[in-house]
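S.K.: Have a look; sequence and predicted model below, questions after that.
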Amino acid sequence: MPTFSYRAKRKNGKTVTGRESARSRESLVISLERKNLTVISISKKASDEKSLFKKLTSKEPIFAKVKTFDLMILCRQLSVMLHGGVPILNAIESIMYEAKSPVLKKILESVASDLREGKTLSGSFKKHPGVFSTLFIAIMEAGEKVGSLDEMLRRLAVYLESRDRLARKIRSATTYPAVITVFFLAAIAVLTLVLIPKFKSIYESFGAELPALTQIMFDISSFVIKNIVFIVIGFGIAMWGFISYVTKSKRARRIFDNFLLHLPIFGDAIRKAAISKFCRTLSTLLGEGISVTEAMRLVGRTSGNSIIEEASDKAVNRIVEGEGISQALAATGAFPHLMLQMASVGVDSGSLPELLDKTADFYEEQVDTFVSTLTSVIEPILIVILGVLVGVVVMAMYLPIFNLTTAATGG
């Protein structure tokens with residue numbers, strides 16, 4: 001477990017510093033807030049970074065990944081078994097034997113071993129941060145404290161199901177354009193690498209002057225064929241560099257996420273998807289009895305967008321200073337008016353989790369409508385673009401023939 005250095009303020013305004021081990025920055029923030037400390041800064045000690053050797057020799061796979069659907073099934077099965085009076089260890093072992101995911105099976109084996117040693121279920125899950133998020137653990141800890149783990153697991157399953165449903169809708173919106181784009185690129189590759197060179201060899205044997213459009217096509221084809229290796233390698237390096245930079249640099253990720261939110265057509269849907277995740281997560285956490293500040297710290301990191309995450313952190317600072325939730329969210333300028341209205345009504349009526357859940361449903365339905373509309377509209381657009389490209393290439397290839405025919409007829 002890594003060690004962090006932190007600076008925080010007590011309620012009397014006194015600044016304190018210290019070191020503490022935690023599974024993540026978010027876990028440490030929650031731990032410090034429970035001690036009535038307001039976090040100012042947290043930094044991770046470089047010497048505590050996990051080495052590749054440790055990853056290779058650890059029990060958990062380096063690329064441990066469990067699908068959201070599998071986690072949802074795990075929560076549902078555990079909830080039903082615990083509600084029926086089955087001991088936790090027996091329930092985990094039963095699910096472990098039936099688990100189809102090898103990663104999940106291995107993790108459940110480790111959890112069962114920890115339970116035999118007397119550890120809590122949430123404590124066992126904490127050892128696998130690559131699979132179980134801070135939010136997941138926080139809800140489980142809340143369930144263990146109030147003695148209603150089965151109910152918390154049921155609600156967690158409902159939450160994961162809604163997240164998985166939204167993710168599938170987004171994937172369905174991008175799958176069709178991706179397939180068409182791949183076909184589009186394949187068609188360009190065939191034209192450039194196969195068809196055009198054949199026409200070029202034929203026309204070169206005539207020794208006649210070629211039309212400008214045809215010559216441009218031949219020049220492009222020749223350049224691509226001669227430099228195909230460098231083009232592929234360069235493209236691969238550029239993509240790898242871009243992804244690495246956006247992933248590791250907060251500034252780059254912020255610029256990229258802001259670009260996504262302002263994309264024509266797609267930007268509005270991306271924002272609504274992020275807001276839907278935000279509302280759903282906040283509703284779930286508040287419904288489980290987790291404090292507003294702890295919930296807001298966690299919820300920003302589940303939106304999938306750094307702009308929303310920063311806005312959530314700014315709102316937390318305002319809430320700590322005594323401002324209301326809806327006013328704090330409104331001051332960030334990152335949230336739509338409808339959501340702010342629903343949050344305000346929810347606070348006044350004492351039903352904030354329920355209204356946030358309905359808000360999440362509303363935005364999810366809008367994303368679903370966008371997906372349906374996009375699928376029906378984008379098909380003819382992509383077909384027209386592909387048709388125009390093929391038409392230009394065909395015209396460029398046959399234009400010399402038309403010229404030769406005209407010249408022969410005129411002669």
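M.R.: That came in fine, so what should we check first? Numbers count the residues shown, from 1 in each chain.

S.K.: mind showing which ranges of the stretch 301-411 of the chain have poor pLDDT?
M.R.: For the stretch 301-411 of the chain, applying pLDDT under 70 flags the ranges 301-304, 375, 403-411.

S.K.: Domains in the chain, by residue range?
M.R.: As given by automatic domain parsing, the domain ranges for the chain are 3-47, 59-132, 166-411.

S.K.: what's stretch 35-45 in contact with?
M.R.: With contact meaning Cβ atoms under 8 Å, 6 or more residues apart in numbering, stretch 35-45 is reached by 2-11, 15-16, 19, 25, 28-29, 32-33, 320. In short, each C-beta sits where N, CA and C put it, glycine included.

S.K.: filter those residues to the buried ones?
M.R.: Burial by neighbour count, judged by 16 or more other Cβ atoms under 10 Å, picks out 4, 6, 8, 25, 28-29, 32-33, 320 from those.

S.K.: So which of those belong to helices?
M.R.: The helices, defined by DSSP state H, take in 25, 28-29, 32-33, 320 from the buried ones among the contacts of stretch 35-45.

S.K.: L374: which of these is nearest?
M.R.: Distances from L374 to those, taken as Cβ to Cβ, are shortest for R25 (36.6 Å).

S.K.: Just give the nearest non-adjacent residue to the closest one, would you?
M.R.: Distance criterion Cβ to Cβ, 6 or more residues apart in numbering; nearest residue to R25, sequence neighbours excluded, is I42 at 5.3 Å.

S.K.: What angle do helix 25-34 and the one helix or strand that neighbour maps to make with each other?
M.R.: For I42, the enclosing helix or strand under DSSP states H and E is strand 38-44. Orientation check (axes from the mean of the first three to the mean of the last three Cα atoms, to 10 degrees): strand 38-44 against helix 25-34 gives 150 degrees.

S.K.: List the pairing partners of strand 38-44 within its sheet, with orientation.
M.R.: With DSSP bridges as the test, strand 38-44 is paired with strand 3-9 (antiparallel).

S.K.: contacting residues around the strand it pairs with?
M.R.: Under Cβ under 8 Å, 6+ apart, the answer for strand 3-9 is 15-22, 25, 28, 32, 37-45, 48.

S.K.: Go through the ones in helices among the buried ones among the contacts of stretch 35-45 and name the one nearest P197.
M.R.: Distances from P197 to these, taken by Cβ to Cβ, are shortest for R25, at 55.8 Å.

S.K.: Relative to K65, how far out is that closest one?
M.R.: 21 Å (Cβ to Cβ, to the nearest Å).

S.K.: now V39
M.R.: Using Cβ to Cβ, V39 is found at 30 Å from K65.

S.K.: more neighbours, the two?
M.R.: V39 (19 against 11; other Cβ atoms under 10 Å).

S.K.: bridging residues for that one?
M.R.: With DSSP bridges as the rule, V39 is bridged to A8.

S.K.: Give me the pLDDT value at it.
M.R.: V39 is assigned 73 on the pLDDT scale.

S.K.: And the lowest mean pLDDT element among the helices and strands of the chain?
M.R.: The weakest-scoring helix or strand in the chain, judged by mean pLDDT, DSSP states H and E, is helix 52-57 (a mean of 39).

S.K.: just the helices in the stretch 251-400 of the chain please.
M.R.: Assigned by DSSP state H, counting those that start in this stretch, the stretch 251-400 of the chain shows helices spanning 266-287, 292-299, 306-320, 325-332, 337-349, 352-410.

S.K.: Can you redo these as CSV, where the extra columns are distance to I243?
M.R.: What follows is the helices of the stretch 251-400 of the chain, written out as CSV (distance: least, Cβ to Cβ, whole Å):
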stretch, distance to I243
helix 266-287, 18
helix 292-299, 26
helix 306-320, 15
helix 325-332, 28
helix 337-349, 31
helix 352-410, 25
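
S.K.: out of those, nearest to S244?
M.R.: Between these, helix 306-320 lies closest to S244; by Cβ to Cβ that is 16.1 Å.

S.K.: Now A315. Nearest residue, chain neighbours left out?
M.R.: Once flanking residues are discounted, A315 sits nearest to A328: 4.1 Å by Cβ to Cβ, 6+ apart.

S.K.: closest one to R154 among the domains of the chain?
M.R.: domain 59-132 (4.2 Å).

S.K.: Specify the angle between the helix or strand encompassing Y176 and helix 266-287 in degrees.
M.R.: According to DSSP H and E, Y176 maps onto helix 149-190. Compare the direction of helix 149-190 with that of helix 266-287 by the same axes, to 10 degrees and you get 170 degrees.

S.K.: what's the distance between Q77 and T15?
M.R.: Distance, Q77 to T15, using Cβ to Cβ: 47 Å.

S.K.: P400 too?
M.R.: According to Cβ to Cβ, P400 stands 79 Å off from T15.
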